[in-house]
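Trainee: Kindly generate the corresponding structure for this input.
(2 chains)
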Amino acid sequence: MKSLAELAEMRRKAREEMSARTSGHGRRVVVGMATCGIAAGARTVMGAMLEDLRTRGLADIPVTMTGCIGVCRLEPIVEVYEQDGSKTTYVRMDPAKARRLVAEHLVNGRVCQDLTIGAVEAN
Amino acid sequence: MQDLSLHFLDLVRNSVRAGATRIRIAILAEVPADLLTLTVDDNGSGMPPEHLETVLDPFSTTRTTRSVGLGLSLLQESAVRTGGRVSIRSAVREGTSVVTTFGLSSIDRPPLGDVGDTLSLLLVSDPEIEYEMEIASGGAAYRFHTGAARRDIPGIPLSDPAVSAWIRDHVNEAVGLILGGILDEVTR
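Mentor: Numbering: from 1, shown residues only, chains lettered A, B, ... in the order given. Model prediction:
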C-alpha cells in the first residue's frame, strides 16, 4: 500500500518540476462532464489530455470540467479558451484526438480545424 | 454508463453544480447480504420536496441547456436491473445524499470501473473541494481524506499532475486490496 509519506516526498519533486514548467500562453481547457459527456467517454478524453500535458511539462494549463454545453449529440466536447477570451469548440473527441489537440493547439498554437464544431457540423 | 465509477462521476458532478464544498463517496460491499452500496453525500444547495419527487424522472431537470435529466434515471435503471434501488434524501441548504444499492453478485451489475481515475480527475477540476472516500468490505476499510492529504503536502494543490496520479493509484490499490476477489471484476 502506498503511504502518505510517499506523497510528502513527491511534494519536494513537484516543487522542482513546477519551477521548470513553461507557460501555457494563458490558455485553459474545459471538458463537458455532464451525463451526456460522461456516457460518450469524456473521462478518458480528459485523462488522455492530462497525461500528455504531464509528459510535456505543460501542467500549468488548467483543465476543468463543466456541465452540459447543450449539444449532447456531439459529445465528448472540449473547449479551448485563449487568453483573450476567444474559444475553440472541439467535438466528438476521443483520446487520440485529445492528444492531437495537446500537440497542435496547446503546444504549437495551431487549431485542429477538422475537429472543430464548424467542420464536423458541415459534414 | 459503462461502469459504476462513471455513475460516481456523474453524481459528484451534480454535487459540484449544487455548490457543494464537502463530498463523501463510499463503496460498501456486503457479501452475506449480497449488496454493493454506493453513497454520495454532499453539503450542496439541496432540493425542495417538490423537486425531489420528480428527480428520478428522465424528463425532469433544472438545467436550461437541455430539457431532459438522464443521470439519476440511468442510475436507477442500472440498480433496479440487479434487484437494487436508488434512494435520495435532500434538504434545502443542507445537502443531498444519494444511496444506490446493487445486487453484488447479479450478472447485470455494471463493473466497478476506474474509481481512482474518477476521484483524481474531479480533484484536477476542482481542487478546493474536500472529499472523503471510503471503501469497505467485511472488517476491512480504507479512508482517504483530501484534508489529510493537503496537510501532508502544504503549498501543493491536489490538482498537481504528480499528486493526482498518485491519488489515482493509491485509491485503485485500496480498491484491489479491499474489493479484490469480492467483486468478480476486481483483482487483488
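Trainee: okay, CA-based contacts and neighbour counts for the rest of this
Mentor: OK.
Trainee: Report the secondary structure state of the residue of chain A found nearest chain B.
Mentor: Nearest residue of chain A to chain B (Cα to the nearest Cα) works out as A:Thr64 at 4.1 Å. Taking DSSP: H, G, I helix; E, B strand; the rest coil as the rule, one finds A:Thr64 in the strand state.
Trainee: for the residue lying closest to it once chain neighbours are set aside, what are its contacts?
Mentor: In this structure, A:Thr64 finds its nearest non-sequential neighbour in B:Ser125, 4.1 Å apart by Cα to Cα, 6 or more residues apart in numbering or on different chains. Applying Cα atoms under 8 Å, 6 or more residues apart in numbering or on different chains to B:Ser125 gives the contacts A:Pro62, A:Val63, A:Thr64, A:Met65, B:Ser159.
Trainee: Do stretch A:49-60 and chain B come into contact?
Mentor: Yes - Stretch A:49-60 lies within reach of chain B by Cα under 8 Å from any Cα of the partner chain, at A:Leu50, A:Arg54, A:Ala59.
Trainee: For those residues, give me a markdown table that also has neighbour count.
Mentor: Rendered in a markdown table, the data for the residues of stretch A:49-60 next to chain B read as follows (neighbours: other Cα atoms under 10 Å in any protein chain shown):
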| residue | neighbour count |
| --- | --- |
| A:Leu50 | 24 |
| A:Arg54 | 17 |
| A:Ala59 | 23 |
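Trainee: if you look at these, which of them are in helices?
Mentor: A:Leu50, A:Arg54 (DSSP state H).
Trainee: Which residues of chain B lie near chain A?
Mentor: B:1-2, B:6, B:9-10, B:13, B:17, B:65-66, B:70-71, B:117-118, B:121-122, B:124-126, B:149, B:152-153, B:156, B:160-163, B:166, B:170, B:173-174.
Trainee: Produce a ChimeraX select command limited to the buried residues of these.
Mentor: Restricted to buried positions by 16 or more other Cα atoms under 10 Å in any protein chain shown, the ChimeraX selection for those reads:
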select /B:1,6,9,10,13,70,71,117,118,121,122,124,125,126,149,152,153,156,160,161,162,163,166,170,173,174
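Trainee: mind listing which of the residues of chain B next to chain A are in helices?
Mentor: Among the residues of chain B next to chain A, the members falling in helices (DSSP H) are B:6, B:9-10, B:13, B:17, B:71, B:117-118, B:121-122, B:124-125, B:149, B:152, B:161-163, B:166, B:170, B:173-174.
Trainee: Quick check, the residue in chain B closest to chain A?
Mentor: B:Ser125 (4.1 Å).
Trainee: distance of that residue from A:Arg28?
Mentor: Applying Cα to Cα, to the nearest Å, the value for B:Ser125 to A:Arg28 is 11 Å.
Trainee: Give me the common contacts of the two.
Mentor: Common neighbours of B:Ser125 and A:Arg28, counting by Cα under 8 Å, 6+ apart, are A:Pro62, A:Val63.
Trainee: which one in chain B is furthest away from the centre?
Mentor: Most distant from the centre of chain B: B:Gly155, at 27.1 Å, with distances by Cα atoms, centre = their mean.
Trainee: quick one, what contacts that one?
Mentor: By Cα under 8 Å, 6+ apart, no residues touch B:Gly155.
Trainee: in chain A, which ranges drop under the pLDDT threshold?
Mentor: Within chain A, the stretches with pLDDT under 70 are A:1-4, A:11, A:14-24.
Trainee: would you list every one of the helices in it?
Mentor: According to DSSP H, the helices that chain A contains are A:4-20, A:35-40, A:42-55, A:95-101, A:117-122.
Trainee: Report whether the fourth one contacts chain B.
Mentor: No - contact check for helix A:95-101 against chain B, using Cα under 8 Å from any Cα: none in range, with a minimum separation of 14.6 Å.
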